[in-house]
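[1] predicted structure and sequence below. I'll ask about it afterward.
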Amino acid sequence: MKRIQSKSKTRDFHQAKWNEPIIFELHQPGEKGVELPPVNEKVALSVGDGTSVIPASMQRKNKPNLPEIGQARVLRHYLRLSQETLGSDFNVEIGQGTCTMKYIPKINELLVRDPKMMELHPLQNEETVQGMLEVFYKLDLCMREISGMDCFSFQPSSGTQALFAMASIVRKYHEQNGEGDKRDEIITTIFSHPSQAATAAVKGYKIITLHPDENGFPDIEKLKAAVSERTAGFVVANPEDTGIFNPKIKEFTDIIHQAGGLCFYDQANANGLLGITRAKEAGFDMCFFNLHKTFAAPHMCGGPATGALGVTAELKEYLPAPIVEYHEGKYSLKNDLAHSIGKVRSFHGVAQTVLRAYAWIRALGAEGLKEVAKIAVLNNNYMYHRVLEIRGASAPYVKGHRLEQVRYSWEQLTQETGVTTEDVTLRMTDFGLHYWTSHHPYIVKQPFTLEPTESYSKEDLDEYIHALEQISKEAYEDPEIIKTAPHNSTIHKIDEQDYLDNPDKWCITWRTYLKNTKAYDLVK
Amino acid sequence: MSQKVHPYIPNMVPEVQAEMLKVIGAESIMELYSCIPEELQLKENLQLPPALTEYELRRHIEGILNKNTSTKEYVNFLGAGCWQHFIPAVCDEINQRSEFLTAYAGEPYEDHGRFQALFEYQSLLAELVDMDVVNVPTFDWGQAAATSIRMAARITGRKKVLLAKTVAPERSKIIINYGTPKLEFEYVQFDTKSGAMDLEDLKTKLTEDVAALYFENPSYLGFIEEQGQEISNLLKENESLMVVGVDPISLGVLAPPSHYGADIVCGDLQPLGMHMNYSGGQAGFIATHNELKFVNEYPSRLFGIVPTVKEGEYGFGDVAYERTSFAQREKGKESVGTQTALWGITAGVYLALLGPDGMQEVGQTIMQNSQYAVQQLNQIANVKGSHFESAFFKEFIVDFNQTGDTVEQINQKLLEKKIFGGKDLSLEFPELGQTALFCVTEVHTKEDIDGLVQALKDILAK
């Protein structure tokens, strides 16, 4: 038997393919998935059937058209779907750039399943949730130290919601100062996440988007031209999604402050900065961290998550309530914040994520956090050098080092071979790897964004690089194999974009599919 | 080796670092930070507690969590937006799977299973609410309601929004925060005897600039609003939309709002298989009919089923992606990002397990148990089991006004008897005096309810 050649080669991979039907197709009349807690006989005798008290206008006439499936078959169905999902536990998760896909410690998953965490009601008397409040408070203290801010709220349940909360604070702050109507513009940059612009627009702001200078830095002259008495705030990521750090960031925040605006910092790209540099010293009034990215809580197919929102003492009273306080040995919830924006999410946010982030910080300590940052930057720069050696690949803008990620370009590859970055996306799945292009608009042509984090070894990085090298080689020698990819994935290439863009053809639910194919009435 | 290698950080191995730095052409890792100005670089290490090994961490965290008293130890009657229900073991098995737990935003190929599971969730919930379009979940009910309302405002091109006064006040805070400054809000009063919406007040406030009315059924205060159709007729005459928030676990027995004219339906998925998690189990949904004017206004991702180049294979993708802020930044519909996808998958598992009969059965058991609780509470002198005369689902307002005690006092004494009493409503609804919102579901046994009644008798007898 020959041994598996694991080094320096692309992986011989094929993803699970179960060809599972849609769950409705598993319907077998009479089967049952679970037994429910029964009603007590005496209770039933006392009150009758329970449902005849429902006013006639509010009685459901027909049972919901759900499938009937035995328990083992439901389990098998979803386990098969899980196998057809490439979680970060399974792959060298470098390709979802900007998402900071790092190792999710199993001990943290064990801890969040403690009944003393899972089975808590958010309105329980404070005396009975002292442990939970302690976790919130202690994470707050850690985050203050990491950012230099003075108080954190964990209510926002994603980066986008934290951005929304910050835009809400900006509005409330200016209203409080009698400038609510006058200050109606928020400035951001094109390489910052789309949610920065989108959430500010939800709060009624006009958006001014700064494009980079020839070196990829946010253009300070453009900023000077953009600020005015209408400036409410400035929101930016630093480094931006290019991995380029704006060294003039303090000048930027000074300019905004001089104009009377607030500065809020999207720290979605903070993984290379822990223990290195902070929001406070750069002059920000607010910042947020994605606990599901930088602080190793899992991404859960897209949430639940936490956007930990920190503010300076001046803005503390604007936070969404409640926040956790500590006095004389007791933790408590403070609801009466003088200028609170109200709420962005119900109750306290996603407590499990708060616990996971706290556990992760405690597993690393200050030195460990700094190592996280340093190795993330080391890994990224190693990849950067190696990727630039690949034929057809480049990284526009400033030369020299980048921080924790890089936005690359296949422009040359596309020009020379016709293979686009979207084509590469599909081919990468054949090697068991994720790959992501960029948010829109594609300022960098034929973009792809890689973020290797601290979690991957040199050997892991090499595996990813080899896959890119292989695809470049194929593009020049045999592009058809890329154009017809994926070959080793669960499914083949999706046909007919029309099914997603044409209202007469799209099917957002199975019943719509059946209706469109005239089959719904038959099964109902 | 001078420094310990942390298990989460493989490249802390010095020899490997040296090799990598050589490729980069740098002397040290700190050299890679030359782009950060000296004055912005921290000079000292962060002041954080020392690192713990895995075993120490476990002891530390378990020590903290042990200070909590959970609803497994005490009998819980709190609801008010987060509810204790039976959770089938298969739900936990699926959402703890490493593949789903650690997946994020992959493509419809390598994440085929994620797309299919979420498409199926959309499809299953669509049957429960009897509508054709359901989104990938939002953060929670509050945000789902806020977005539903904003969708209605965009569709009608109007700015004024009416909210039933019985909408959960905490939810209203979210709705109003999301709606300000673009929308104007006004409350519609309710009948203090039944909780039902005051239709005369509605008629007065239903001016031609009203985009939508939002109410909840069953309401936050527990009662069932039976005037759904009348309300819908009034709104239709005015060309305003009806947005209804609903507890999905009620829909095996209660009519879904689409049956009485709702244009947009929203609610919280937490009852469908999520542990309470100190509010970490919340997830919102939005449902509409399959009409372009509605679909085009969703900010959320909507997964659709598509053919692949191979006959007999299902593929999935994003429907009408150009709507979203991912595609259009500030010109997209509101904003989209990480929300609560894993809870959507879990709610799908729950609905697949319960099926049509299970959803009916769970609704019926909840109603029997909650009615039994009210019946028994009514036996206590000076206590009114349900403040409202109308039918209710799983929550009801217990009226302590005649007892001479405050809810706060009573709840403190219940706590001593290992019972979490209902939510004190005296601050949110002062007009109801000393009342509390109790929640009884299928998880409550007769003994749990009898125990509550006995405890209250003892407390109030003094």
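    Alright, I've got the coordinates. Numbers count the residues shown, from 1 in each chain, chains lettered A, B, ... in the order given.
[2] neighbours of residue B:431, how many?
    10 (other C-beta atoms under 10 Å in any protein chain shown). No exception for glycine: its C-beta is placed from N, CA and C like everyone else's.
[3] what's the closest non-adjacent residue to the residue most central in space within chain A?
    For chain A, the residue sitting closest to the mean C-alpha position, by C-alpha atoms, centre = their mean, is residue A:99 at 5.9 Å. Distance criterion C-beta to C-beta, 6 or more residues apart in numbering or on different chains; nearest residue to residue A:99, sequence neighbours excluded, is residue B:104 at 5.6 Å.
[4] just the element for that neighbour, please.
    For residue B:104, there is no enclosing helix or strand under DSSP states H and E.
[5] list the contacts of residue A:202.
    Contact analysis of residue A:202 by C-beta atoms under 8 Å, 6 or more residues apart in numbering or on different chains lists A:164, A:167, B:178, B:334-335.
[6] hmm, back to that, I'd say the residue nearest to residue A:99 and residue A:305 touch.
    No: between residue B:104 and residue A:305 there is no contact under C-beta atoms under 8 Å: 9.9 Å.
[7] what do these two both touch?
    residue A:299.
[8] and these two? which has more neighbours close in?
    residue A:305 (32 against 27).
[9] against residue A:509, how distant is the more buried one?
    26 Å (C-beta to C-beta, to the nearest Å).
[10] care to break chain B down by domain?
    In terms of domains, chain B is parsed into B:10-55, B:75-86+B:362-461, B:89-351 (source: automatic domain parsing).
[11] mean confidence for the second one?
    Domain B:75-86+B:362-461 comes out with an average pLDDT of 98.
[12] next helix or strand past the helix ranked longest in chain B?
    Counting residues, the longest helix found in chain B (DSSP state H) is helix B:341-377. Sequence-wise, the next helix or strand downstream of helix B:341-377 (DSSP H and E) is strand B:395-399.
[13] list the helices and strands that next one packs on?
    Contacts defined by 3 or more C-beta pairs under 8 Å, 6 or more residues apart in numbering or on different chains; DSSP states H and E place strand B:395-399 against helix B:341-377, strand B:435-439.
[14] so how many other residues sit close to residue B:371?
    With other C-beta under 10 Å as criterion, residue B:371 counts 23.
[15] surely it and residue A:49 touch.
    No: applying C-beta under 8 Å, one finds residue B:371 not in contact with residue A:49, separated by 10.0 Å.
[16] quickly list what's touching both of those two.
    With C-beta under 8 Å, 6+ apart, residue B:371 and residue A:49 have no common neighbours.
[17] contacts only, for the residue nearest to residue A:99.
    Here residue B:104 is in contact with A:88, A:96, A:99, A:101, A:299, A:301-302 (C-beta under 8 Å, 6+ apart).
[18] related to what we said a few turns ago, now the contacts of residue A:202 in a markdown table, with distance to residue B:381, pLDDT and secondary structure?
    Shown next, in a markdown table, are those (distance: C-beta to C-beta, whole Å; pLDDT from 0 to 100; DSSP: H, G, I helix; E, B strand; the rest coil):
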| residue | distance to residue B:381 | pLDDT | secondary structure |
| --- | --- | --- | --- |
| A:164 | 50 | 97 | helix |
| A:167 | 53 | 97 | helix |
| B:178 | 45 | 95 | helix |
| B:334 | 52 | 89 | coil |
| B:335 | 54 | 88 | coil |
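[19] export these to JSON lines and tack on neighbour count and distance to residue A:126?
    Below are the contacts of residue A:202 laid out as JSON lines (neighbours: other C-beta atoms under 10 Å in any protein chain shown; distance: C-beta to C-beta, whole Å):
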{"residue": "A:164", "neighbour count": "29", "distance to residue A:126": "28"}
{"residue": "A:167", "neighbour count": "27", "distance to residue A:126": "31"}
{"residue": "B:178", "neighbour count": "24", "distance to residue A:126": "28"}
{"residue": "B:334", "neighbour count": "24", "distance to residue A:126": "35"}
{"residue": "B:335", "neighbour count": "29", "distance to residue A:126": "33"}
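[20] and of the residues you listed, the nearest to residue A:448?
    residue B:335 (24.2 Å; C-beta to C-beta).
[21] quick one on the thing from earlier: of the contacts of residue B:104 - the most surrounded one?
    Neighbour max across those (other C-beta under 10 Å) = residue A:301, 30 neighbours.
[22] around the nearest residue to it once chain neighbours are set aside, how many other residues sit close by?
    Leaving out its chain neighbours, the residue that sits closest to residue A:301 by C-beta to C-beta, 6+ apart is residue B:341, at 4.0 Å. Residues lying near residue B:341 (other C-beta under 10 Å) number 27.
[23] tell me the pLDDT at residue B:341?
    For residue B:341, pLDDT reads 98.
[24] hmm, it is touching residue A:303, no?
    Yes: if you go by C-beta under 8 Å, residue B:341 and residue A:303 touch, sitting 5.5 Å apart.
[25] what sits in contact with each of these two?
    In contact with both residue B:341 and residue A:303: residue B:137, using C-beta under 8 Å, 6+ apart.
[26] which residue ranges make up the domains of chain A?
    With automatic domain parsing as the reference, chain A has domains A:110-363, A:372-483.
[27] quick one: which of those domains is nearest residue B:84?
    Among the domains of chain A, if distance is taken as C-beta to C-beta, the winner is domain A:110-363, at 6.9 Å.
[28] pull the distance from the closest one to the chain's centre.
    The chain centre lies 14 Å from the centre of domain A:110-363; the measure is C-alpha atoms, centre = their mean, to the nearest Å.
[29] which residues in the stretch 101-250 of chain A form helices?
    Applying DSSP state H, counting those that start in this stretch to the stretch 101-250 of chain A gives helices spanning A:106-112, A:115-118, A:130-147, A:159-176, A:194-202, A:220-226, A:249-258.
[30] residue B:143: which of those helices is closest?
    Among the helices of the stretch 101-250 of chain A, helix A:159-176 sits nearest to residue B:143 (C-beta to C-beta), with 7.8 Å.
[31] is stretch A:275-293 positioned near chain B?
    Yes: against chain B, stretch A:275-293 shows contacts by C-beta under 8 Å from any C-beta of the partner chain at A:275-278, A:281-282, A:290, A:292.
[32] again with stretch A:503-511
    Yes: using C-beta under 8 Å from any C-beta, we find that stretch A:503-511 touches chain B at A:503, A:506-511.
[33] can I get those in TSV including neighbour count, secondary structure and distance to residue B:352?
    Output for these, formatted as TSV (neighbours: other C-beta atoms under 10 Å in any protein chain shown; DSSP: H, G, I helix; E, B strand; the rest coil; distance: C-beta to C-beta, whole Å):
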residue	neighbour count	secondary structure	distance to residue B:352
A:503	12	coil	28
A:506	24	coil	23
A:507	24	coil	19
A:508	27	coil	18
A:509	28	coil	14
A:510	23	helix	12
A:511	25	helix	15
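[34] what's the neighbour count on the residue lying closest to residue B:417 once chain neighbours are set aside?
    Using C-beta to C-beta, 6+ apart and skipping the chain neighbours, the partner closest in space to residue B:417 is residue B:455 (4.5 Å). By the criterion of other C-beta under 10 Å, residue B:455 has 19 neighbours.
[35] quick check, the helix-or-strand element of chain B with minimal mean pLDDT touching chain A?
    The weakest-scoring helix or strand in chain B, judged by mean pLDDT, DSSP states H and E, is helix B:325-328 (a mean of 88). Yes: contact of helix B:325-328 with chain A (C-beta under 8 Å from any C-beta) involves B:325-328.
[36] any stretches of the chain with poor pLDDT?
    Went with chain A since none was named. Applying pLDDT under 70 to chain A flags residues A:5-8, A:519-524.
[37] wrong one, I was asking about chain B
    Looking at chain B by pLDDT under 70, you get B:1-3.
[38] re earlier: any chance of a markdown table for the residues of helix B:325-328 next to chain A, columns distance to residue B:122?
    Converted to a markdown table, the residues of helix B:325-328 next to chain A look like this (distance: C-beta to C-beta, whole Å):
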| residue | distance to residue B:122 |
| --- | --- |
| B:325 | 20 |
| B:326 | 18 |
| B:327 | 20 |
| B:328 | 22 |
